[in-house]
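Novice: sequence plus predicted model, see below.
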Amino acid sequence: MTAGGLNPSIVVQHLVRSGLDVEVILEQPEGKGEITRRRAKRLGWIEALGQLGTMMAARALRRLADRRVAELVQRHGFDRSLPDTVPIHPVTSINAAETRELVDELRPGAILLVSTRLMTARQLGALPCPVINLHAGINPAYRGQMGGYWSLRENDANNFGATLHLVDAGTDTGGTLYEVRTRPGPGDFISTYPLLLTLAALDITRKSLEDALAGRLAPVRPSGPSALRFPPTLWSWIWCGLTRRIW
């Protein structure tokens, strides 16, 4: 299940090449207005609008990241789009009734979430198989969004990594299946970190699904401080970039 984009496309390509039988449930992405309103209820409008500013700046700067993205995609032998051989099932949301009915029809052995909205507890409880999430951060310290960025910002570069975990009712709080850590290059910044972490996590993504299909999932409860992360506000992102060269 995914809302689309480069990173999920690469994951699907890797899984297909690994011999797994893959079908894609493609939801409509959440609008930025909807996301901002939800964050404002939790964090306040100033913080939410500051985060929106960073998201918009990062999108504008993706053109600067194109060369690095092209280099990474070519180096690993991937395309930018989903394979033509993979069935794609459009839905409005992963939480919609139509999605639950589609899952009942497809009867998957496991479900992988990559770049989706949060799944509701009600929808999760209605699904007949393990649901696994590819999270671009090391849990529990870097739950939520921009986990790679926050690990660098908090002088914790050794935890610049990704987690495969079971989905539960919380936000990235389910049992950990696998972790992987890597390092960003000189040309990487907030727009390329997710791709870097996705590429690093391809093997453990495949292993997680193979474990689920074989009935050998062994989730563990990660230890240490737990923090839910959001995008930095525009002003704090710029300040950190100018003063610490962490973009």
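Specialist: The structure has been received and is ready for your questions.
Novice: Arg67 falls within a helix, correct?
Specialist: Yes. Assignment of Arg67 by DSSP: H, G, I helix; E, B strand; the rest coil places it within a helix.
Novice: count of residues packed around the residue lying closest to it once chain neighbours are set aside?
Specialist: In space, and not counting its chain neighbours, Arg67 is closest to Gly187: 7.6 Å by Cβ to Cβ, 6 or more residues apart in numbering. In short, each C-beta sits where N, CA and C put it, glycine included. Counted with other Cβ atoms under 10 Å, residues neighbouring Gly187 total 13.
Novice: close enough to count as contact, Gly187 and Asp66?
Specialist: No. The pair Gly187 / Asp66 is not scored as a contact, 11.1 Å apart, by Cβ atoms under 8 Å.
Novice: hmm, back to that, which SSE is the residue nearest to Arg67 in?
Specialist: Taking DSSP states H and E as the definition, one finds Gly187 inside no helix or strand.
Novice: mind pulling up the pLDDT for His14?
Specialist: Looking at His14, its pLDDT stands at 97.
Novice: quick one: contacts for the closest residue in space to it that isn't next to it in sequence?
Specialist: Leaving out its chain neighbours, the residue that sits closest to His14 by Cβ to Cβ, 6+ apart is Leu202, at 4.6 Å. Counting by Cβ atoms under 8 Å, 6 or more residues apart in numbering, Leu202 touches Ile10, Val11, His14.
Novice: give me the neighbour count for the last one.
Specialist: Same thing as His14. Around His14 there are 21 residues (other Cβ under 10 Å).
Novice: repeat that for Arg107.
Specialist: 8.
Novice: next up, the contacts around it.
Specialist: Counted by Cβ under 8 Å, 6+ apart, Arg107 has contacts Pro128.
Novice: can you pull out the helices in this protein?
Specialist: Applying DSSP state H to the chain gives helices spanning 6-17, 32-43, 45-60, 62-75, 97-106, 121-126, 147-153, 193-200, 202-214, 234-244.
Novice: mean neighbour count, those helices: which tops it?
Specialist: helix 147-153 (a mean of 24; mean count of other Cβ atoms under 10 Å).
Novice: packing partners of that helix?
Specialist: strand 161-166, helix 193-200 (3 or more Cβ pairs under 8 Å, 6 or more residues apart in numbering; DSSP states H and E).
Novice: swap the cut-off to 6 Å and go again
Specialist: helix 193-200 (3 or more Cβ pairs under 6 Å, 6 or more residues apart in numbering; DSSP states H and E).
Novice: quick one: the helix it packs on to helix 202-214, angle?
Specialist: Here helix 193-200 points in a direction 60 degrees away from that of helix 202-214 (axes from the mean of the first three to the mean of the last three Cα atoms, to 10 degrees).
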